[in-house]
Structures are given as structure tokens and as C-alpha cells.
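Undergrad: Quick one, fold the following:
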Amino acid sequence: MVEILGYLAAILIGLSLGLIGGGGSILTVPVLVYLFAIEPVVATAYSLFIVGLTSSVGAFNYFKQGLVKLKTALLFGIPSIFSVFLTRNYLIPTIPEEIFSVGSFTLTKGVFLMALFAVLMILASYKMITSKNKPKETVKKQTSQSTKEYVLIILQGLFVGMITGLVGAGGGFIIIPALVFLLGLEMKEAIGTSLTIITLNSLFGFLVSQSHIQTDWTLLLGLSAMAIIGIFIGMRLAKNIDGAKLKPLFGWFVLLMGSYILLKELVF
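TA: Below is the predicted model:
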């Protein structure tokens with residue numbers, strides 16, 4: 001029964017990616033850890049594959065419509081990939097299995113990653129809840145970006161790569177605002193480009209994790225298939241539903257999930 005819920009949740013992962021261009025990875029790690037009993041470090045790697053493969057389907061669909069800015073994707077994506085590589089290969093292995101103990105409480109590597117993920121969920125939910133109902137579709141496109149804006153994009157790419165590498169999150173909630181408000185992309189272009197960046201980051205992150213984990217391909221491909229079904233449904237619904245209007249509702253759900261994970265890992 002629990003596994004059935006997990007596969008149904010995988011559809012929601014794809015649905016979120018198809019509707020709002022992000023948010024799917026926020027659900028993936030909790031689904032893997034709590035419904036499939038996957039160890040957190042392995043769950044972050046599995047999440048990278050599921051989110052990367054699912055995002056690639058969405059990115060290809062947007063690319064066919066001319067809604068992917070490849071130059072921008074590379075500008076953001078190359079620093080992200082570099083950061084993912086450093087995080088998965090050098091940062092995560094240096095985190096000790098037992099970080100510290102206070103009384104009866106022990107902060108393990110798994111608890112630390114889940115708590116960090118929960119904090120990320122809460123921060124992401126805040127941005128989703130407080131975002132305006134209608135994203136700025138009419139942001140004036142810039143003919144050229146300043147050096148400062150390019151530097152900000154590169155720095156955000158490095159930050160997103162670190163987050164992707166640490167907790168298996170694609171970072172769409174960071175990428176899309178940066179593309180819209182720093183580079184002046186229209187919302188649909190931002191979603192298509194975001195999915196492309198998430199694809200590059202996530203699949204690369206999974207590949208560099210292979211030397212550290214054993215992969216259950218049956219589970220991984222099964223969940224990915226369900227998530228891909230979800231993204232097709234999401235992309236179809238996106239033609240008639242404004243994903244931005246659903247973002248605050250999804251944000252409240254993410255807030256509840258993040259708060260539950262934080263309490264479960266650190267308190268109960």
C-alpha cells in the first residue's frame with residue numbers, strides 16, 4: 001500500500017514540473033525516504049535521476065516550441081554542473097556519518113541532509129506562497145545584459161549546483177525567478193530553459209554519484225516512468241491552467257511537508 005502511494009506521488013512530481021517548471025524535486029526525496037525507505041544519501045542520488053529524466057521530457061517539448069534559450073541554459077548550467085561535481089565528489093564524502101551528539105540526540109549524516117532538505121522546502125514554499133498570482137509575462141526583454149547580471153547568474157548557477165548536489169533538488173524555484181527578472185525571459189521561456197538546466201544538473205549529478213551507490217534500477221525506472229506520465233499531464237493542463245495560480249497552493253503543501261520532515265528528523 002505504501003509503495004502504491006509512492007508511485008502515485010511520483011505522478012505528482014512530474015505534474016509539478018509540467019505545470020510550474022519546478023517543485024518536483026521538492027517531493028522526490030521525501031517520497032523515496034519515507035515511502036520507499038531509501039537511505040537519505042542514496043535518495044538524493046535517485047532524486048537526481050528521476051527529476052533529470054522527467055525534466056528532459058519537458059525540456060524537449062519546450063525546445064520544439066522554440067521556448068528554450070540554449071545560450072542562457074549554458075550560462076547558468078555550466079557553473080551549476082561544476083558545482084554539482086564538486087559537491088557530490090568532495091563535499092558529501094567529507095560529511096561524517098555521525099556529526100555530533102548532545103544527550104540522547106545524535107545528528108547523523110542522514111538526519112543532517114533531511115533537515116537541510118526540509119529547510120530548503122520551507123524557503124521554497126515561502127517564495128511560492130508570496131509570489132504573485134500572475135508572473136510577469138510582459139517583462140521587457142533586454143537586448144544585452146550587464147556584467148553584473150552575468151556575474152549574478154553565474155553565482156546563482158554555482159549555488160543551485162551545490163543545492164542539487166547536496167539534497168537532490170533541481171532548484172527550479174531559484175532558477176525561474178533569476179531567468180525572468182535578471183535576464184528578462186518570458187515565463188514560458190523561463191520554464192523551458194529551467195527544465196533544460198535541471199536536466200543537465202540532475203543527470204550529471206546522478207552520473208558522478210554512481211561510484212558511491214548501488215542502484216535499484218527497477219525502482220528507479222518505475223518511478224521515473226510515473227513521473228514522466230505526470231509531466232505529460234502537467235504540460236497538457238498547462239495549456240488551459242495558469243500554473244502560477246497553483247504555485248501558492250503548492251507552496252502551502254510544501255510548507256507542511258517541510259515542517260513535518262524537520263520535526264520528524266530533529267524532534268520526534
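
Undergrad: So for stretch 259-268, mean pLDDT?
TA: Mean pLDDT, taken over the full extent of stretch 259-268, equals 83.

Undergrad: residues of it that come out buried?
TA: Within stretch 259-268, the residues that count as buried by 16 or more other Cβ atoms under 10 Å are I261, L262, E265. Bear in mind the C-beta positions are built from the backbone N, C-alpha and C, glycine included.

Undergrad: what about the first one, distance to S209?
TA: I take that to be I261. Taking Cβ to Cβ, to the nearest Å as the measure, I261 falls 22 Å from S209.

Undergrad: what do you get for the last one?
TA: In this structure, E265 and S209 are 22 Å apart, going by Cβ to Cβ.

Undergrad: distance between the one helix or strand F49 maps to and the chain's centre?
TA: Here F49, judged by DSSP states H and E, is contained in helix 40-64. Chain-centre distance of helix 40-64: 8 Å, with Cα atoms, centre = their mean, to the nearest Å.

Undergrad: other SSEs contacting that helix?
TA: helix 2-20, helix 24-30, helix 109-130, helix 147-167, helix 187-209, helix 217-238 (3 or more Cβ pairs under 8 Å, 6 or more residues apart in numbering; DSSP states H and E).

Undergrad: tilt between the very next helix or strand once past it and helix 40-64?
TA: Sequence order places helix 70-86 as the next helix or strand after helix 40-64, per DSSP H and E. Relative orientation of helix 70-86 versus helix 40-64 (axes from the mean of the first three to the mean of the last three Cα atoms, to 10 degrees): 170 degrees.

Undergrad: So what touches helix 70-86?
TA: Contact with helix 70-86 is made by 150, 153-162, 164-165, 171, 175, 178-179, 183, 185, 193, 196-197, 200-201, 204-205, 208, as judged by Cβ atoms under 8 Å, 6 or more residues apart in numbering.

Undergrad: Show me the shaky parts of this structure.
TA: The model of the chain has pLDDT under 70 over residues 20-24, 131-146, 170, 173, 242-244, 268.

Undergrad: re earlier: point out the most buried one among the helices and strands packed on helix 40-64.
TA: Highest mean neighbour count of these: helix 24-30, a mean of 29 (counted as mean count of other Cβ atoms under 10 Å).

Undergrad: What is that helix packed up against?
TA: Applying 3+ Cβ pairs under 8 Å, 6+ apart, we find helix 24-30 packed against helix 2-20, helix 40-64, helix 109-130, helix 172-181, helix 243-266.

Undergrad: Done for today, thanks.
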